[in-house]
Each structure stands twice: as structure tokens, then as C-alpha cells.
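Novice: Here is the input, now give the coordinates:
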Amino acid sequence: MPDSQITPKVLFVTSNRIGDCVISSGVIREIERQLPGAAITVACGRPPAPLFRSAPGVDRVIILDKKKAAGHWFDLWKQVVGTRWELVIDIRGSALGYLIPARRRVIYNRSWETGLPKVEMVSRLIGAPAALDPELFLDDQARAEAAAVIDPQLAAGPGPGPIIALAPIAHQPGKSWPAERWGSLVEKLRAEPRFDGWRFMLVGGPGDHAPAAPALKAAAGRAIDCVGRGDILASAAAIDRATLFVGNDSGLMHVAAAARRPTLGLFGPTEWWLYGPWGATTRTVASNETRGAFAPIEALSVDQVFAAVLALHADFIASPSPAAP
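Specialist: Numbers count the residues shown, from 1 in each chain. Just a heads-up that it's a prediction; the model follows:
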């Protein structure tokens, strides 16, 4: 055990991807449980870095920008080798943890991949007594940035109404449902009495305007455009204001689940049973619902996704369960 008079220092090396960082975000609370008062340094990619700026116990965030010949790892090593770490957690499975002084090391390797959902796998890796629910650490800055984008559009539209957030973007090949189908989905939802008066909020990064365009066009005066309007924490604060979320298998899908919004994730040729949104108010719809089998995401029809959205509404809005927000 660390000396009670010395603040234990923890290095948490996490992903360069937003989704993986959200999936493993429960580690922050578990560090505090295992090492009360620890000073945590997080090393991660640039896009997810804002997720940790207000996380409890985190006093430093080191951004890992990839370099040729793994130069980013050498840069990180130079920044952390001079510290005596009480605990190093590396969910990227690099050699770094073995090359710096540490009392305890938790290093990911593929032997931990046993078919469990990724949240459960990470929780077991760190020795948590139960699955670590992902968490968002929203701050006033993120909420203000989201409000500056959303509130003027709400005021200019037909009325506030509940918000359904839509994320028609995924940056890995094969994960994105065709953009024109998002437009068709919005048209069907606009005509559905259960969504009368709802606003349609599109969320995404700076390069996501083209995939969002058909849905924004279909939403017309009921659209809220939050695409490329802030960093990931501002997007998370925007999603936190939504009543429902529908999106591709992406970081924003995991953000919505961590915000405890009723969440529907769309899956094609990826493992929905491992990487689906986590939580009691989440659902998935896959192009092939058989575990271990896959089909292109284009095999998902508009009618299938529409039916899944109505089911999400029925479960958590029309007749909310005790787990619903």
C-alpha cells in the first residue's frame, strides 16, 4: 500500500478513439476506489482528450498524436519516466508500462478477450468488483458551448419540443448506414404521430456535414444542426439534452449511452455483442442479428430502423421503465 502521506500517482493510458475512451471511462472512478486521493494522468488521442479535462482526480491530460515509427510512444515515455507511479493502467497494451517505474502494472493483452462486452472486459482487467458503467464528466464550459448552438435554433423553430439526436457518422469502413436512408428515416419519423413536435438534432464532427445533410434537409424547420460545432465534450453536452438517440456504431453512440439517454445503435459488420451501447436503456439493431455472423450495414432497411426507434420510444418514453432517465 502507498504511504498515507504521499499522494499516489496513477498513469492511465487509454485510446485514441472516442468510443473506446468512453467505454473505459469507469476506470476513473475505480482508481479513486482503489487509491483514494490519487493524482491521475491520462494519456489519450487528441479527439477524446476533452472527455477527461473535468474528470475527478485527473490533474493532467497528455495528448498522444501519432508519429512515424511509434515516435509518439517515445514522446510519452520522456514525459512520464521521471515519475514513480503507484499504478500504471494501459488498455492499449503497449510496452510503455514496463519501461517506467511503477509499483503495480495493469497492461491489456488479447488473453483478456473472452467474448465479454468490452465494458466488462476492462472492468475485470482492473480488478473492479462489478462492471464499471461508462460516465461523462460534463463541465460548465461544455454545457455553455452546447447551449450557444442549440438554444438559438430552438428559438427560431416551431417550438422547443423533445429532441431526438441522430449521429449518421462512423469513421471506420462499413459502419455508416447510407446517408440518404437517414433522410428517409427522418421523413418517416416526422410523419409519425408519436414524434409530433419533436426536434431532430444532428451531431457529428467537423468533417461530417455531408453524411448529415440528407437528415437535416428532411427535418427542415424542425432541424437542429450541431455538426462540427464544438469538441467531443460539447457534443456530449448537446446529446445530454436529447430525449432519444439513434446513431451508427460510433463514439457518439457510446457517449449517448453514458449520458443515460435511451440509445439505439446501428450495426453492420461489427460485433454488436461486444461493442454495443452499454446500459439498461440501450438497444441495437443489426444487419445480421446472429452472434458471430455479419452482413453489410446496407442490409438494414429504413423500415427496420424505424421499427427499432418506435420500440425504443415505447420502452422508455411512452412507458418509461424504472431504469429510464
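
Novice: contacts and neighbour counts: CA atoms only from here.
Specialist: Noted.

Novice: Point out where this structure drops to low pLDDT.
Specialist: 1-5, 320-325 (pLDDT under 70).

Novice: do that again at 80, thanks
Specialist: 1-5, 157, 159, 173, 319-325 (pLDDT under 80).

Novice: quick one: Arg181 from Met201, how far?
Specialist: 16 Å (Cα to Cα, to the nearest Å).

Novice: Name the residue in the two with the higher neighbour count.
Specialist: Taking neighbours as other Cα atoms under 10 Å, Arg181 and Met201 compare with Met201 leading, 24 against 19.

Novice: Next one: that one from Phe137, what distance?
Specialist: Per Cα to Cα, Met201 is found 21 Å from Phe137.

Novice: Kindly report the same for Val255.
Specialist: Distance from Val255 to Phe137, counting by Cα to Cα: 11 Å.

Novice: neighbour count winner among these two?
Specialist: Between Val255 and Phe137, counting by other Cα under 10 Å, Val255 is the more crowded of the two (31 against 18).

Novice: so which strand or helix has that one?
Specialist: helix 251-258 (DSSP states H and E).

Novice: And the contacts of that helix?
Specialist: 17-20, 22-23, 133-136, 167, 170, 204, 236, 239-240, 245-247, 262-265, 277-279, 281-282 (Cα atoms under 8 Å, 6 or more residues apart in numbering).

Novice: Spatially nearest residue to Gly205 (excluding sequence neighbours)?
Specialist: Distances taken as Cα to Cα, 6 or more residues apart in numbering put Gly228 closest to Gly205, at 4.2 Å, once the chain neighbours are dropped.

Novice: residues contacting that neighbour?
Specialist: Per Cα under 8 Å, 6+ apart, neighbours of Gly228: Val203, Gly204, Gly205, Pro206, Gly207, Asp208, His209.

Novice: tell me how far the helix ranked longest in the chain is from the chain's mean position?
Specialist: As assigned by DSSP state H, the longest helix anywhere in the chain is helix 140-156. Offset of helix 140-156 from its chain centre (Cα atoms, centre = their mean, to the nearest Å): 20 Å.

Novice: could you say what helices and strands it packs with?
Specialist: strand 223-227, helix 232-239 (3 or more Cα pairs under 8 Å, 6 or more residues apart in numbering; DSSP states H and E).

Novice: Kindly reformat those as a markdown table containing mean neighbour count and distance to Asp303.
Specialist: Formatted as a markdown table, the helices and strands packed on helix 140-156 follow (neighbours: other Cα atoms under 10 Å; distance: least, Cα to Cα, whole Å):
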| stretch | mean neighbour count | distance to Asp303 |
| --- | --- | --- |
| strand 223-227 | 22 | 21 |
| helix 232-239 | 25 | 24 |
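
Novice: before we move on, the earlier item: the contacts of Gly228 into a markdown table, with extra columns for neighbour count, secondary structure and distance to Ala191?
Specialist: What follows is the contacts of Gly228, written out as a markdown table (neighbours: other Cα atoms under 10 Å; DSSP: H, G, I helix; E, B strand; the rest coil; distance: Cα to Cα, whole Å):
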| residue | neighbour count | secondary structure | distance to Ala191 |
| --- | --- | --- | --- |
| Val203 | 27 | strand | 22 |
| Gly204 | 25 | strand | 25 |
| Gly205 | 18 | coil | 28 |
| Pro206 | 12 | coil | 30 |
| Gly207 | 11 | coil | 29 |
| Asp208 | 18 | coil | 26 |
| His209 | 19 | helix | 24 |
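
Novice: quick check, nearest of the residues you listed to His313?
Specialist: Val203 (19.7 Å; Cα to Cα).

Novice: ok, now which ones touch the closest one?
Specialist: Ala165, Leu166, Ala167, Asp225, Cys226, Val227, Gly228, Ser235, Ile239.

Novice: Can you get me the start-to-end distance on stretch 40-60?
Specialist: Per Cα to Cα, the first residue of stretch 40-60 is 7 Å away from its last.

Novice: re the thing from before, how close does the residue nearest to Gly205 get to Pro206?
Specialist: Noted for Gly228: a distance of 4 Å to Pro206, by Cα to Cα.

Novice: try Phe137
Specialist: In terms of Cα to Cα, Phe137 sits 22 Å off from Pro206.

Novice: Show me the strands in the chain, by range?
Specialist: Applying DSSP state E to the chain gives strands spanning 9-13, 39-44, 58-63, 85-90, 102-107, 163-167, 199-204, 223-227, 244-248, 263-267, 282-286.

Novice: Partner strands of the third one and their direction?
Specialist: In its sheet, strand 58-63 lies beside strand 39-44 (parallel), with partners assigned from DSSP bridges.

Novice: Outside of the partner strand itself, list whatever touches it.
Specialist: By Cα under 8 Å, 6+ apart, the list of residues contacting strand 39-44 reads 7-16, 52, 57-64.
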